[in-house]
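Asks: Got a sequence here, can you model it:
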Amino acid sequence: MMAEFYKLLLVIYCGSIIVSGEGYYGKQITNGKIRTLAHRVTGTVYAASNKRLYIVGFSYDGTAPDAFAWMGSSDRPSSAGDIIAVNGSSGVLGSFSNDVVRLDLPDGKTLSDYKWLSIWCRRFTANFGDLIFPAQIDTPAPVSLGQLETRAHKVRADDVIVLNHRQIKLVNLDYDGNGPDAYYWGGSGGTPNSNGFALADESRSGSTGKLPGQALNGKTVTVTVPANRGDVFSIGYVGLWCVQFTQDFGHVDIPPMSELNVPPFDGESAVPIAPTKDTYTPPVTRDNCEVLIDDTYQVRWSVTATDIEVSLSARIFPGTYMAFGLSGSETSTLMIGSDVTVAWLAETGIKTNAVDYYLSAYQQCVVSSGSGACTDEGSTPSGTNDVIVGESSNENGIITISYTKPLSTSDTNTDKVIATDKDVFVSWSIGPINPNGLAAKHRQQPSSDVKINFGRATSECPAFTVGDKENLKKWEIPKAGKEGKTEFQLDMGQAGGPRGYEGITGQPGWGIAWYVDGFIIPEITLKRNVTYTFTVNGGSDETIQASYHPFYITNDEEGGYFQKTPEEQQGLVIYAGPVNGSLCEYQSMGAYNPDDFETFEKYRDTSLNRVCDSPEEPATVTWTPDADTPDLVYYHCYTHKWLGWKINIVDDYTDASLPSTTISMVTLIASMLIAIIMM
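Replies: Modelled structure (predicted):
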């Protein structure tokens, strides 16, 4: 009786990856419930692959002396079978209570080699519970989604494979490495958008999903859906996405769950959700913190009886401001009417500034009328500067500026009362400081309403991530323009990352930029009342926006006039263009990283090749700056922001306005003459 009692047992040992609660374990085997015979054995069996099973809700009292998970090929459970590892262990089973356990088949065996599963006691040849397999088991397997087609930046892959319910493999992935803010990306729906999220790259330790700043040539990459974002069944696409400029570089659609019989993710190669790379926390102590832009902009504050002490921290360059304060509306985030503090570190990196501002209109400050984004003291009607600037730091690419402001002031014209007993709407922005020390048009602002309770309980922000690019020295680009030079050649080219466009302008760039006479975004100096000709190869196919870049000259620092609303276009002047011509582009010849080149000339001559559409048909535009032309204008792309740079307008080519290469030559010649005279 006792021998008959201890016959067949399927056992699962309690190991390190037992999962409690709901999850995805593969395909439930038809009639997959284990038959209970003894020792309270229960559970439902799922096929994870042809080499792995899961038992969900597994229970066994653990009192038998020699019980194992046991599988065989006979018609019914018997002593002729194999021990099956449970959660990685082939030892005698302990007790389980409604657990999830993993069964791994022996090397050289697959599910088709077996007819049953049992919890079996070898000493007493007893079966405690079993499941007889159906003739056919629908085993989960990876699913191919086909090729990843090119949309921008030469992105393509031979195949995209859903490996399991959280991992996707991109086979032989190509990417030119020039996207400024590119991520492996997924999200709901069938069209990539900014509401998606990053997918971590398994090959890079601590990956946050951001692509490296270098080309990928036939690299096979496995990306993982973070655990807090669900799984492949909750996303409708996978691809490459530029966060900064909301550009789809290429994607494929993911079919619904009913069409994806894929294995479960086993967690053995999972990457952490939180980045493990080096991090940085600003050296300030405040009671609260709020993230305004992920890993880019944070506000910290403490409230006293009369004041609010604020510290703004952002991944910016000196000469760029951080603005923060109360919204112009009590029911939404509204720029007009906002009472904000504008804080910045001077371009020299020495002087710290924090100034009270009132935003009366959607424009830069018109000093003569006191309207627009003006200081409180410069507004009409005027107010007072009630901000007291504190300490600042500039470390690891993060600038932090602290200041103090009264919760309530006597300035009723430009200041608002800062409430601490309820949620209030706030405004914030990031942008450049004009040469006159006033805030220019913002580059970044909220995309939706933002509310903060300044009197809430304590809160913290995550640390900023710190990469290895923050300390790279930007390239020194010779200025363009000199007496007698009236023609300029403009092509597209690679942006050059932190040494190139980003380092020169303080902007992240779009992966490409204007090249003038073979140099990346040089400052151009032009003389008034002289006619200049610009020969442009910006691309002529409007259907391929990533390769269509009409050239124009404007008073707008950021460019991209075509993207702007009628309200944003007000006050902007187009002095020349737009014209485009056929496309010529300085393209990368291989997997070169611009970070590795100390000079632009070495980078260009080593890794870039000028490639033009055939036939090459450039466009030309002429322009004569005159007495009404401002001293500073910009050359840009009409359809995209941040591809160009500055044009300085002068009355005469004096030493102060000569291009740096010309000044260097003059200095050299003068030194030689002095040396000759003294001989």
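
Asks: show me what contacts the residue nearest to residue 239 when sequence neighbours are not counted?
Replies: Nearest residue to residue 239 in three dimensions, chain neighbours excluded: residue 251, at 2.6 Å (C-beta to C-beta, 6 or more residues apart in numbering). (Each C-beta comes from the backbone N, C-alpha and C, glycine too.) Contact analysis of residue 251 by C-beta atoms under 8 Å, 6 or more residues apart in numbering lists 148, 151, 185, 192, 237, 238, 239, 240, 241.

Asks: The second one in helix, strand or coil?
Replies: Secondary structure of residue 151, reduced to three states by DSSP: H, G, I helix; E, B strand; the rest coil: coil.

Asks: my guess is it contacts residue 252, does it?
Replies: No - Residue 151 is beyond contact range of residue 252, at 11.1 Å (criterion: C-beta atoms under 8 Å).

Asks: how about the helices of the stretch 401-550 of the chain, start to end?
Replies: For the stretch 401-550 of the chain, the helices defined by DSSP state H, counting those that start in this stretch cover 501-505.

Asks: whoops, I mixed them up, the chain
Replies: 2-5, 501-505, 566-569, 600-607, 660-677 (DSSP state H).

Asks: rank those by pLDDT, which is bottom?
Replies: Comparing mean pLDDT across the helices of the chain, the lowest value falls on helix 2-5: a mean of 32.

Asks: Residue 444: what's it in contact with?
Replies: 293, 297, 429, 430, 431.

Asks: let's see 10 Å
Replies: Going by C-beta atoms under 10 Å, 6 or more residues apart in numbering, residue 444 touches 244, 292, 293, 296, 297, 314, 316, 322, 428, 429, 430, 431.

Asks: The third one reaches residue 312, doesn't it?
Replies: No - taking contacts as C-beta atoms under 10 Å, residue 293 lies outside contact range of residue 312: 11.7 Å.

Asks: Comparing these two, which residue is more hemmed in?
Replies: residue 312 (30 against 13; other C-beta atoms under 10 Å).

Asks: show me the contacts for the closest residue to residue 160 other than its chain neighbours.
Replies: Nearest non-adjacent residue to residue 160, counting by C-beta to C-beta, 6+ apart: residue 145, 4.4 Å away. Listed by C-beta under 10 Å, 6+ apart, the contact set of residue 145 reads 157, 159-162, 168, 237-238, 252-255, 260.

Asks: Filter those down to the buried ones.
Replies: The neighbour-count test (16 or more other C-beta atoms under 10 Å) marks 157, 159, 160, 161, 162, 168, 237, 238, 252, 254, 260 as buried among the contacts of residue 145.

Asks: Let me see the contact set for the closest residue in space to residue 598 that isn't next to it in sequence.
Replies: Once flanking residues are discounted, residue 598 sits nearest to residue 473: 7.3 Å by C-beta to C-beta, 6+ apart. Residues counted as contacts of residue 473 (C-beta under 10 Å, 6+ apart) are 498, 499, 503, 598, 599.

Asks: Give me the distance between the last one and residue 478.
Replies: What that stands for is residue 599. Separation of residue 599 from residue 478 (C-beta to C-beta, to the nearest Å) stands at 11 Å.
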